[in-house]
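Undergrad: Sharing a model prediction with you, sequence too.
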Amino acid sequence: MKRYLNLAGATLATALALTSTTALAQVAPEIVRSLGAPDTAETRAGTLEFKDGVPTAETASKIYDTLDFTRALNAYNNSYRGASALAIVKGFEEIGAKPGDVVIFSKLMDSTSLFLTANADTVYYLAGLDLSKGPVVVEQPSDAVGTINDMWFSWIIDVGGPGPDRGLGGKYLIVGPDYDGPLPEGGYFVAHSKTNFALYASRAYLVNNDPQPAIDNVKKNLKIYPYKPGSYGTSIAQALEGTVSLAGEPKVPETKFIEGSDLSFNTIPPSDFGFFELLNENVQNEPATSYDVELAGQFAAIGIVHGKKFAPDERMKKILTDAAMVGQATGRALNWRYAIQHPDWAYYEGSQWGSMLWQGGAYFETPPPNFKDGKFEPLDPTGARTLDSRTAFYYGYTLDSPGMIMRIPEVGSQYLMSFLDPSGTPFDGSKTYSVTLPKGIPAKAFWSFTLYDNQTRSMLQTPQKYPRAGSQSYPSPAAEAAPDGSTTVYFGPTQPEGVARGNWIQTDPSKGWFTILRLYSPLPSFFDKSWRLSEITEVK
């Protein structure tokens, strides 16, 4: 112990000797300047002023405005999906559809109603699921492709072909966040939702260019009803454990179908102050645990808190209105002009055909796994959310599923979007354009183009009603191939001379548009990019 004390004393003595003979060292002036605040600074927030590092009251006010705007903008971009999900529910309510009712488009989706980038190729049937009173059973018909999402468009489970029933049909049991009762031992595909309400969305393919067989199958077999604990799926052995009482089978109500074709209604959120009112409604409807704490923090920072009244003052309303405007500009910039920020979203090098989904997959984090020799090869997680791709996707599209973005030949469908011509100019509805698909279009089932209005991101409204062209002959004539096997499709206000009706999609001279190429049951030549369609160019 004495030895250590002597060492300590020697160290102290040495330090005292040094300070007595030399001046104390100082941190370099440039470092001190980098840590502090100047008297004035010009920034995006305006001129900032400080007195010995203390912001003036005016500067502090500018900073608070900037913080509120930034958090409102983040809330808009990060939660457009939630507002969009609720907008669909409210759109269904507008046409009289209650939870459990099925909105079906027997004559296919058309341009009469406003839906984000819906197709005019398949029979859509959709429903809201109220899980607040207990689990809900969905008896899924065969020959379908679909998904179930919660009210933040978070994926719950796929149904039909990409789901566990693999297109054969089956019973799905969707369980809400607050249910703690007994569940069946088997007989159902069980999935859990973080929200009290969920969206069921499915589609069926035409049979020999006729939608009626699909419609008949859906109307005969689709059932949605409350689950009854202790009924089918529960064995007597399970009841003997005392965790559930045996029960008879529930009375399955007749499914109410509401025809959506030809109806005019809206399912898209507003992009003004009303957006935040819709967002607040969703926050109040759903558990605070249905979204992550970071997003909850963004909501709370602008006055949206579960269980509390949303009452912004005039200053905050103006900030929220500005944030909504910049938010929609963000969604549009990331879609229409993705090459400025994300040239890697182009599917082909130097092309205007692209998709944001390949960057982070359905979860907007890691690209979808490779598929080789019938087996998936998952990629290493990146650990980073691809925020721009998520913002871009939900601004223009709805519902999410791993089945939407996968590299499996002959399964599901793939999408390529084009917003600009090769020079980067938006498409003009008063001009005529063309695109050529070489021989061997990589779609085992069928393919199509659909045109969308730049403003609403819904089907372009023209006298054609179905703004599409493709290989199916319903609801518009099939496109015809040239003698060399290639197929050219034209987009313009009038049908070009000598062009078959099925090879022309009408545009509106007063509106801009964009398009999506859909390949149903895509073939390997799409994934390896050995097949490539042309860019969309103006016909001179």
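TA: Okay, I see it.

Undergrad: my read: residue 270 touches residue 320, true?
TA: No. No contact is recorded between residue 270 and residue 320 when judged using C-beta atoms under 8 Å, the distance being 11.9 Å. C-betas here are computed from N, CA, C, even on glycine.

Undergrad: When the two are compared, which one has more neighbours?
TA: Taking neighbours as other C-beta atoms under 10 Å, residue 270 and residue 320 compare with residue 320 leading, 28 against 15.

Undergrad: Quick check, pLDDT for the more buried one.
TA: According to the per-residue confidence, residue 320 scores 98 in pLDDT.

Undergrad: so which strand or helix has it?
TA: helix 314-336 (DSSP states H and E).

Undergrad: which element follows that helix toward the C-terminus?
TA: In N-to-C order, the element after helix 314-336 by DSSP H and E is helix 338-341.

Undergrad: next structured bit after that next one?
TA: Following helix 338-341 toward the C-terminus (DSSP H and E): helix 357-360.

Undergrad: Grab the CA positions of that next one and hand them over as PDB.
TA: Provided in PDB are the C-alpha atoms of helix 357-360 (Å, rounded to 0.1, in the frame of the first residue of the first chain):
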ATOM      1  CA  LEU A 357     -40.000  -2.400 -54.600                       C
ATOM      2  CA  TRP A 358     -36.900  -4.200 -55.700                       C
ATOM      3  CA  GLN A 359     -34.800  -2.000 -53.400                       C
ATOM      4  CA  GLY A 360     -36.200  -3.200 -50.100                       C
END
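
Undergrad: Look up how far residue 331 lies from residue 392.
TA: 7 Å (C-beta to C-beta, to the nearest Å).

Undergrad: Compare those two (neighbour count), which wins?
TA: residue 392 (29 against 20).

Undergrad: for that one, what are its contacts?
TA: 331, 334, 335, 338, 356 (C-beta atoms under 8 Å, 6 or more residues apart in numbering).

Undergrad: That one: what secondary structure?
TA: Three-state call for residue 392 (DSSP: H, G, I helix; E, B strand; the rest coil): helix.

Undergrad: And residue 210, how far from residue 270?
TA: Residue 210 is 38 Å from residue 270, by C-beta to C-beta.

Undergrad: oh, I was asking about residue 423
TA: For residue 423 relative to residue 270 (C-beta to C-beta), the value is 33 Å.

Undergrad: Kindly report the same for residue 411.
TA: 37 Å.

Undergrad: And residue 437, its phi and psi?
TA: Note on residue 437: its backbone torsions stand at phi -100, psi 120 [degrees, to the nearest 10].

Undergrad: before we move on, back to that, in the helix holding residue 320, what counts as buried?
TA: Neighbour-count burial for helix 314-336, counted by 16 or more other C-beta atoms under 10 Å, picks out 316, 319-324, 327-328, 330-336.

Undergrad: can you confirm residue 32 is in a strand?
TA: No. Counting by three-state DSSP, residue 32 falls outside a strand, being helix.

Undergrad: From residue 534, how far out is residue 438?
TA: In terms of C-beta to C-beta, residue 438 sits 8 Å off from residue 534.

Undergrad: before we move on, what about residue 392?
TA: 24 Å.

Undergrad: quick one on the thing from earlier: of all pairs in the buried residues of helix 314-336, which one spans the longest distance?
TA: 316 and 336 (29.9 Å; C-beta to C-beta).

Undergrad: Please enumerate the helices of this protein.
TA: In the chain, the helices defined using DSSP state H lie at 2-21, 29-35, 57-94, 212-221, 236-240, 273-285, 293-301, 314-336, 338-341, 357-360, 387-396, 524-527.

Undergrad: Out of these, which one sits most buried?
TA: helix 387-396 (a mean of 23; mean count of other C-beta atoms under 10 Å).

Undergrad: Quick one: work out the angle between it and helix 57-94.
TA: Between helix 387-396 and helix 57-94, the angle comes out at 40 degrees (axes from the mean of the first three to the mean of the last three C-alpha atoms, to 10 degrees).

Undergrad: okay, the angle between helix 387-396 and helix 314-336?
TA: Going by the same axes, to 10 degrees, helix 387-396 makes 100 degrees with helix 314-336.

Undergrad: and helix 387-396, how far out from the chain's middle?
TA: Relative to its chain's centre, helix 387-396 lies at 7 Å (C-alpha atoms, centre = their mean, to the nearest Å).

Undergrad: Only C-alpha atoms, please: export it in PDB.
TA: What follows is helix 387-396, C-alpha atoms only, in PDB (Å, rounded to 0.1, in the frame of the first residue of the first chain):
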ATOM      1  CA  LEU A 387     -37.800   5.200 -46.400                       C
ATOM      2  CA  ASP A 388     -38.000   6.700 -49.900                       C
ATOM      3  CA  SER A 389     -39.200   3.400 -51.500                       C
ATOM      4  CA  ARG A 390     -41.800   3.100 -48.800                       C
ATOM      5  CA  THR A 391     -43.000   6.700 -49.300                       C
ATOM      6  CA  ALA A 392     -43.100   6.300 -53.100                       C
ATOM      7  CA  PHE A 393     -45.000   3.000 -53.000                       C
ATOM      8  CA  TYR A 394     -47.800   4.000 -50.600                       C
ATOM      9  CA  TYR A 395     -48.300   7.400 -52.300                       C
ATOM     10  CA  GLY A 396     -49.300   5.600 -55.600                       C
END
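
Undergrad: taking the mean pLDDT, what do you get for it?
TA: The average pLDDT within helix 387-396 is 98.

Undergrad: Where does pLDDT dip in the chain?
TA: 1-24 (pLDDT under 70).

Undergrad: So residue 466 is in contact with residue 110, correct?
TA: Yes. Applying C-beta under 8 Å as the test, residue 466 and residue 110 come out as touching, 5.6 Å apart.

Undergrad: okay, and the common contacts of those two?
TA: 120, 459, 475.

Undergrad: Are any of the residues you listed buried, and if so which?
TA: 120, 459, 475.

Undergrad: Residue 512: how many residues sit nearby?
TA: Per other C-beta under 10 Å, the neighbour tally for residue 512 reads 18.

Undergrad: Contact partners for the nearest residue to it once chain neighbours are set aside?
TA: Excluding its sequence neighbours, the residue lying closest to residue 512 (C-beta to C-beta, 6 or more residues apart in numbering) is residue 454, at 4.0 Å. Shown in contact with residue 454 (C-beta under 8 Å, 6+ apart): 336, 426, 511, 512, 513, 514.

Undergrad: residue contacts, the residue nearest to the second one when sequence neighbours are not counted?
TA: Using C-beta to C-beta, 6+ apart and skipping residues adjacent in sequence, the residue nearest residue 426 is residue 512, 5.2 Å away. Residues counted as contacts of residue 512 (C-beta under 8 Å, 6+ apart) are 426, 427, 428, 429, 453, 454, 455.

Undergrad: Pick out the most distant pair among the residues you listed.
TA: Most distant of the contacts of residue 512, by C-beta to C-beta, are 428 and 455, 14.3 Å apart.

Undergrad: Done for today, thanks.
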